[in-house]
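Novice: Prediction below, plus the sequence it came from.
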Amino acid sequence: MEAEAPTSSRSSGKSTVDVSDKRINRSVSARIVAAFTLVCVTSAIVGLVASGASYQAPPLGIPDAGPVVSWGLTILTATVFVTAMCTIGWLLFAAFLDPAARDVVSRTGRVWTVRAGIAAAIWSVTALTAAAFTFANVLGISLSEAVRAQTIATYAWEVTSVRTLAISSVLALIVAVGCFFTIKLTTATLWLCLSLVAICTPALAGHAAGLGNHSVAIVNGVAHALAASVWVGGVIALGTAAWPSKARLTSPQLGIAARRFSNIALWCVVVLLGSGIANAFTRLASPDDLIWSGYGRLVVAKSVLLIALVGVGVIMRRRILATLDNHNARRSFSRIALFEILLMAVASGLGVALSATEPTRGTVLYATQGELLLGYPFPPAPHMAAVIGGWHYDSLFLTLSLLAAALYVAGVMRLRARGDKWSIWQTLSFLLGIGIVIWATNAGIATYAEMSVSLHMVQHMTLTMMAPIPLVLGAPVTLALRAIKASPTHGRGPRELILGTVHSNIARFFTHPATVLAIYAIGLYGLYFTSLFGALMSNHVGHIFMIFHFLATGLLISWVAIGIDPQPRKLPHWAKLIMVLCAIVIHTFFALALMSTSAIGASWYSVVKPPWMTDSVADTMLAGQVAWAVGELPTVILMLIIAVQWARSDERESKRRDRITEQRGDVELDQYNEYLAKLNSRDTRDPR
């Protein structure tokens, strides 16, 4: 029993605090979550009323689902976010923050995973119910009519917001079932990742699709949802762990968990601030709307709450975390955590109200359907300056690229600050690779790639075959392992996660040459010679997935072939050469097939067709020629790098043998001569 707990009652043989704790055990987490839900729903309703977005009966003759559906949808949306945050928070604690966990979930972590499973089950049910309410609200029909099988089969999947909620419900159900059977930390991490995917899917609908810069709005909306879910969910789980309950931690354990979460929360706050500012920029027509519009006033109110929450976090981080072993500090921590949870409930409710409030920046209208899908007018016919130069702002890949470059430079500076060396050529190589990624995703080539298959292929080949080589030569994994310190709390910090990932069975599977070549082949033939290419191009999320796939495939091949960083398996140089040669063959046949096929991606490129695109078949043939031409030089560079490494390896082995010979003599030669002498002696004794 902890030092701060009261002494036992000897007459009854049980401590009085144990009896009271049992009563609290059954209710503390439920009460905190219920209070959070109530405050969140209330603030969402108040926010809708204050912004003028509450239900109003439409004029006669306009279809309407009624006030029950409208207000019910608000309550359901708030409940969906609350249960999602609880699921993510408890899984985060079980997988990363629990000090007692090693390779398996601890006994306390098991309580958290069960709670996460219950929350995910409620999340699944409420998300599916919210989908039905959304369906009725969009079509302006009664709820009873909306849930009819014929209506659902005919229209439901065509409504984006309904589709995303349904997908989220299915993913939450998978998480709910999985949590009840979770034993290992890796499995808990898997359910956490799946929960984060599920919370992102509703953010892909909303107001973003109608805005001119909808790609920026979608990316920032997803980033905002992720950061908010991890931050709020973590605080809920931390708060419930601080109060007496089955999942209560000892004071030292609570201090360790809180300090681990503090670092995660800091990153979440940074992402929330950046994505919040970007969201306001994409949804407000002018700065005056912050004062004179209902949407703007909600943004201001939520920003004030965020600043207050940051202040509470600073107080918690500076004054309390370091002294949590003290009983009074723990009591203060519990009270401040509860206050922080209530503030977050209000902020979450305002976020729900914002999602239901029409932004002041309206839908941008363009002359053609293609321009409406793109989110910007058709550019002029491509020319060298426009393709190589130009600017196509992609917030996701620009931010990730700059962040990767900043972290790499910070790692180099940390090594040099403690007197260690790092090659300047490796630094320049990595920054060159980052520059190539930024060019391929943010320059004019990114604009024209959405309207021309041949220019799309230039972007593809750049990301798959040109950017990965300098990135891998920069040895970022080695730098990270040298620069990042081990977790001071012996938890799963960044360094431990990198090591665990590199040496995991999953990494061994994906770095097998057969797997590498299969991924490479499927990424070419399975994408471009099926309807998948057009489907992914017509969706911004699909477009992001393709870019990530192109870059990841190239990094995988280069990482296995070059092999500077630590790897789960060590391949001989001849095996690396064979793998690269097989990749060349796969790539060559793909280019030949592309040159002899009809127009690809017609479901997208036939709609997004500017006036200067007159021959789609010729454009596809040119794409095949680009694939053939651009793919040659990088593969030759890869083979030269492998050949140089092979030669240096033989040279190092020869020098090693020479050193051993100088120190100990030629042991192998001496052993061979001794063997010959024994044979000669035997022949002498036995002339037969």
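Specialist: Cool, got the structure.

Novice: Please give me every residue in contact with residue 379.
Specialist: By Cβ atoms under 8 Å, 6 or more residues apart in numbering, residue 379 lies in contact with 386, 390, 444, 447, 448, 451, 610. (Each C-beta comes from the backbone N, C-alpha and C, glycine too.)

Novice: Now do the helices in the stretch 1-150 of the chain.
Specialist: Applying DSSP state H, counting those that start in this stretch to the stretch 1-150 of the chain gives helices spanning 16-25, 28-51, 67-92, 107-139, 143-146, 149-155.

Novice: quick one: which of those is nearest residue 314?
Specialist: Ranking those by proximity to residue 314 (Cβ to Cβ) places helix 67-92 first, at 20.7 Å.

Novice: Show me which positions of the closest one end up buried.
Specialist: When burial is assessed from 16 or more other Cβ atoms under 10 Å, helix 67-92 yields the following buried residues: 69-70, 72-92.

Novice: so of the contacts of residue 379, which ones are in helices?
Specialist: Residues of the contacts of residue 379 located in helices (DSSP state H): 386, 444, 447, 448.

Novice: out of the residues you listed, which is most surrounded?
Specialist: Using other Cβ atoms under 10 Å as the neighbour criterion, residue 448 leads the ones in helices among the contacts of residue 379 with 23 neighbours.

Novice: and that residue, what does it touch?
Specialist: 379, 382, 386, 387, 455.

Novice: Would you state the predicted confidence (pLDDT) at the third one?
Specialist: Right, residue 386. pLDDT recorded at residue 386 is 89.

Novice: Tell me who's in contact with it.
Specialist: Applying Cβ under 8 Å, 6+ apart, one finds that residue 386 lies in contact with 379, 380, 444, 448.

Novice: closest to residue 231 among these?
Specialist: Residue 231 has its nearest neighbour among those in residue 444, at 37.3 Å by Cβ to Cβ.

Novice: List phi and psi for the closest residue in space to the closest one that isn't next to it in sequence.
Specialist: Closest residue to residue 444 apart from its sequence neighbours, by Cβ to Cβ, 6 or more residues apart in numbering: residue 390 at 2.6 Å. Residue 390 adopts backbone torsions of phi 70, psi -180, taken as degrees, to the nearest 10.

Novice: Could you tell me how many residues sit around residue 390?
Specialist: Using other Cβ under 10 Å: residue 390 sits among 16 other residues.

Novice: for residue 151, same thing?
Specialist: Neighbour count of residue 151, defined by other Cβ under 10 Å: 15.

Novice: Which residue is the nearest non-sequential neighbour of it?
Specialist: Leaving aside its sequence neighbours, residue 151 sits nearest to residue 145 (Cβ to Cβ, 6+ apart; 6.2 Å).

Novice: Does the one you found touch residue 136 like I think?
Specialist: Yes. Judged on Cβ atoms under 8 Å, residue 145 makes contact with residue 136 at a distance of 7.4 Å.

Novice: So which of those two has more stuff around it?
Specialist: Using other Cβ under 10 Å, the more surrounded residue of residue 145 and residue 136 is residue 136, with 26 against 13.

Novice: Return the closest of the ones in helices among the contacts of residue 379 with respect to residue 28.
Specialist: Using Cβ to Cβ, residue 447 comes nearest to residue 28 of these, at 54.8 Å.

Novice: that older thread, what's near enough to touch the residue nearest to residue 444?
Specialist: 379, 443, 444, 445, 447.

Novice: any idea of the pLDDT on it?
Specialist: 84.

Novice: where's residue 627, which helix or strand?
Specialist: Using DSSP states H and E, residue 627 maps to helix 616-664.

Novice: Mind putting the ones in helices among the contacts of residue 379 into JSON lines with distance to residue 34?
Specialist: Shown next, in JSON lines, are these (distance: Cβ to Cβ, whole Å):
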{"residue": "386", "distance to residue 34": "58"}
{"residue": "444", "distance to residue 34": "54"}
{"residue": "447", "distance to residue 34": "50"}
{"residue": "448", "distance to residue 34": "54"}
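
Novice: Give me the mean pLDDT for stretch 297-306.
Specialist: Averaging pLDDT along stretch 297-306 yields 88.

Novice: So what touches that stretch?
Specialist: The contact list for stretch 297-306 (Cβ under 8 Å, 6+ apart) reads 47, 50-51, 272-273, 276, 280, 284, 290-291, 343, 346-347, 350-351, 353-354, 357.

Novice: Residues in contact with stretch 153-168: which ones?
Specialist: 80, 127-128, 130-131, 134-135, 138-139, 198-199, 201-202, 204-206, 209.

Novice: gap between that stretch and the chain center?
Specialist: On the basis of Cα atoms, centre = their mean, to the nearest Å, stretch 153-168 sits 23 Å off its chain's mean C-alpha point.

Novice: Now do the domain split for this protein, please.
Specialist: Domain ranges of the chain: 28-356, 392-641, per automatic domain parsing.

Novice: can you give me the end-to-end distance of the shortest one?
Specialist: This stretch, domain 392-641, spans 33 Å end to end (Cα to Cα, to the nearest Å).

Novice: can you check the longest one too?
Specialist: Length of domain 28-356, first residue to last, Cα to Cα: 32 Å.

Novice: phi, psi of the closest residue to residue 434 other than its chain neighbours?
Specialist: Spatial nearest neighbour of residue 434, chain neighbours left out: residue 405 (4.7 Å); criterion: Cβ to Cβ, 6+ apart. Per-residue torsions, residue 405: phi -60, psi -40 (degrees, to the nearest 10).

Novice: Residue 405: how many residues sit nearby?
Specialist: Number of residues near residue 405 (other Cβ under 10 Å) recorded here: 18.

Novice: show me what contacts it?
Specialist: Residue 405 is in contact with 430, 431, 434, counting by Cβ under 8 Å, 6+ apart.

Novice: Who are the contact partners of the last one?
Specialist: Residues in contact with residue 434 (Cβ under 8 Å, 6+ apart) are 401, 402, 404, 405, 408, 471.

Novice: you'd agree residue 438 is up against residue 401?
Specialist: Yes. If you go by Cβ under 8 Å, residue 438 and residue 401 touch, sitting 4.9 Å apart.

Novice: so who does the nearest residue to residue 236 once chain neighbours are set aside touch?
Specialist: Of all residues not flanking residue 236 in the chain, residue 89 sits nearest, at 4.8 Å (Cβ to Cβ, 6+ apart). Taking Cβ under 8 Å, 6+ apart, we find residue 89 in contact with 230, 232, 233, 234, 235, 236, 237, 238.

Novice: out of those residues, which are inside strands?
Specialist: With strands taken from DSSP state E, there is no overlap with the contacts of residue 89.

Novice: Just the closest of the residues you listed to residue 254, please.
Specialist: Distances from these to residue 254 were compared by Cβ to Cβ; the smallest belongs to residue 238, at 8.1 Å.

Novice: Can you give me the neighbour number for the closest one?
Specialist: Applying other Cβ under 10 Å, I find that residue 238 has 27 neighbouring residues.

Novice: Contacts only, for it.
Specialist: For residue 238, the contacting residues are 89, 93, 97, 257, 258, 261, 337, by Cβ under 8 Å, 6+ apart.

Novice: which is the next helix or strand following the one helix or strand the last one maps to?
Specialist: So the one you mean is residue 337. For residue 337, the host element (DSSP H and E) is helix 327-356. Using DSSP H and E, the helix or strand that directly follows helix 327-356 along the chain is helix 369-374.

Novice: for the stretch 201-350 of the chain, which spans come out with low pLDDT?
Specialist: By pLDDT under 70, the weakly predicted segments of the stretch 201-350 of the chain are 205-216, 244-248, 322-329.

Novice: May I see the contacts of residue 390 organised as JSON lines, with pLDDT and distance to residue 485 added?
Specialist: Converted to JSON lines, these look like this (pLDDT from 0 to 100; distance: Cβ to Cβ, whole Å):
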{"residue": "379", "pLDDT": "89", "distance to residue 485": "48"}
{"residue": "443", "pLDDT": "92", "distance to residue 485": "37"}
{"residue": "444", "pLDDT": "91", "distance to residue 485": "42"}
{"residue": "445", "pLDDT": "93", "distance to residue 485": "40"}
{"residue": "447", "pLDDT": "91", "distance to residue 485": "42"}
